[in-house]
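Trainee: quick one, structure for this:
(one chain, ligands or ions: 3)
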Amino acid sequence: MQLSLHTHRDTLCALTAVLMAFLTAACAGGAGDARCTGPRCADAVTNFRDVGPAPDAATDAAGDLIGDSIDGLDADVTDADDAHDAAPDGDEPDTTSIDYQVSFVSPAARTVFGAADNVQFVVQLSDGGVDAEGVALRIESSRDGVLGSGNSATDGTFTVSTSSLSNGQHTITAIVTDDRGSGTATLAIGVCRWGAAFPFDTDLDAATWTSVGNAYRDERGWLEMTGDAQSRKGAIVNIGEPVAPGDVRMRFRISTGHCTDPGSCSNFSEGADGFAYSILAFETAAEAVTYMEDALNGGGLGYARSSAQQSLAVETFHVEFDTYFNNDQNGGIADPTSTNHIAVTLNGDARNHVLWSEAANLEDNNWHDIEIEIVGSRVVIRYDGVVVIDDVSPGLEFKGGFIAFSGTTGYFSNHHRFDALEIAESCLFQ
Ligand SMILES: [Ca+2]
Ligand SMILES: [Ca+2]
Ligand SMILES: [Ca+2]
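Mentor: Ligands and ions are numbered 1, 2, ... in the order given. The predicted model follows:
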């Protein structure tokens, strides 16, 4: 073994010496170099790098031997198709999905729609800034499910119209269902259809309404709290579904004055005391009814906590329509103005007029439209379509509860009428 290795090593050294001598003689410089002589000089273009003292610009700048094979690789690496394909020659399907840009053209975010509105959703699709035509997608509502599906038009738009969205806040989502790519967009809107409507044109449903004290439904189609008689107190309480907590819109109409028929009336003699619309956040309807039975008469308008109720913790919201000036400066009820007024009060406290506005013509016996919007801690009240209160009431976090109408008379009196109650819940945005 030892002898054999020596023999091979000696043979290899001899061959190397011959090769080095040949190379030195043939190419002291690169091809084209004046010092290059011998048959290999002509072949330097493809097979040998310049090993001489200066590069040969004409034939050797790219480094031919290495350069040829790297250039071949470069062609594959930089080929756009090959970069994504399993096969190097780009003839197989590209597996990269498209990121579609999806956006809602209309409606504007946080739009609130009313009753009978036809809502049109328009979505724009694009792929890298180019309108994406013929892309399959669908539009969904978080409340109502799929609203429509189809393919985008030539301009990249897709449109769905509906007039049957359910009440409340919706998250609308546009979703690409095309298998070539994906994309989504979302939009928040509100639908504020007037929900529960109570025209009071027929007998009160005993499962829904309870009358307290002197109040009753007038057979002509409204609620009467007192009649135009002295020292009365009445209330009608909704013992059915409570109003949900959160944002709400409510409307109804009121009439107070001396004439038997609502409308113009020539009797402008002194009248009192007023009436109120309350939302009572009790656990049970029975508690709400008991509260109204025990509430304060006279200046308390049938909603304020009486002396017997002072220790009762209540979470209640009231809008009063006050037509008699109370001015008890000894801890009783002191109205903020001697003029008829509309006011927001809380928790059965008729002394604290949290928000208020004068309403001089309240007692004209005509019907007046009232609309109350509660959005967060903001309360907006419209009187005959005109905003008379629009302010934040610190601490007001609407708890919902049972609706109660009430009214009172004392030495002076009036009719106190409510009609046409409608409620739209949880459909507004803060
Ligand atoms: Ca009516
Ligand atoms: Ca008063
Ligand atoms: Ca008052």
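Trainee: only C-alpha atoms for contact and neighbour calcs from this point on.
Mentor: Fine.
Trainee: now do whatever residue of the stretch 201-350 of the chain ends up closest to ligand 1, the pLDDT please.
Mentor: Residue nearest to ligand 1 within the stretch 201-350 of the chain: residue 221 (4.1 Å; CA to the ion). pLDDT, residue 221: 98.
Trainee: quick one, what contacts the nearest residue to it once chain neighbours are set aside?
Mentor: Closest residue to residue 221 apart from its sequence neighbours, by CA to CA, 6 or more residues apart in numbering: residue 201 at 4.1 Å. For residue 201, the contact set (CA atoms under 8 Å, 6 or more residues apart in numbering) comprises 219-222.
Trainee: by neighbour count, which of the residues you listed wins?
Mentor: residue 222 (21 neighbours; other CA atoms under 10 Å).
Trainee: separation between it and residue 195?
Mentor: 19 Å (CA to CA, to the nearest Å).
Trainee: tell me how far the residue nearest to the spatial centre of the chain lies from ligand 2.
Mentor: For the chain, the residue nearest the mean C-alpha position is residue 188 (3.5 Å; CA atoms, centre = their mean). Residue 188 is 43 Å from ligand 2, where distance means CA to the ion, to the nearest Å.
Trainee: for that residue, which non-adjacent residue is closest in space?
Mentor: Residue 188's closest residue in space is residue 171 (CA to CA, 6+ apart), at 4.6 Å.
Trainee: does the one you found touch residue 186 like I think?
Mentor: Yes. Here residue 171 reaches residue 186: they are 6.6 Å apart, a contact under CA atoms under 8 Å.
Trainee: what does stretch 229-237 contact?
Mentor: 209-216, 225-226, 288-289, 292-293, 297-298, 301-302, 402-415.
Trainee: selecting buried members of the residues you listed in PyMOL, what would you type?
Mentor: In PyMOL, this line selects whichever of these come out buried by 16 or more other CA atoms under 10 Å:
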select buried, resi 209+210+211+212+213+214+215+216+225+226+288+289+292+293+297+298+301+302+402+403+404+405+406+407+408+409+410+412+413+414+415
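Trainee: now, the contacts of stretch 229-237 that are in helices?
Mentor: In this view, the contacts of stretch 229-237 that belong to helices under DSSP state H are 288-289, 292-293.
Trainee: could you dump those to JSON lines with distance to residue 137?
Mentor: Shown next, in JSON lines, are the ones in helices among the contacts of stretch 229-237 (distance: CA to CA, whole Å):
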{"residue": "288", "distance to residue 137": "50"}
{"residue": "289", "distance to residue 137": "53"}
{"residue": "292", "distance to residue 137": "55"}
{"residue": "293", "distance to residue 137": "58"}
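Trainee: ligand 2: which of the residues you listed is nearest?
Mentor: residue 292 (17.8 Å).
Trainee: which ones are touching the closest one?
Mentor: For residue 292, counting by CA under 8 Å, 6+ apart, the contacting residues are 212, 235, 302-303, 404.
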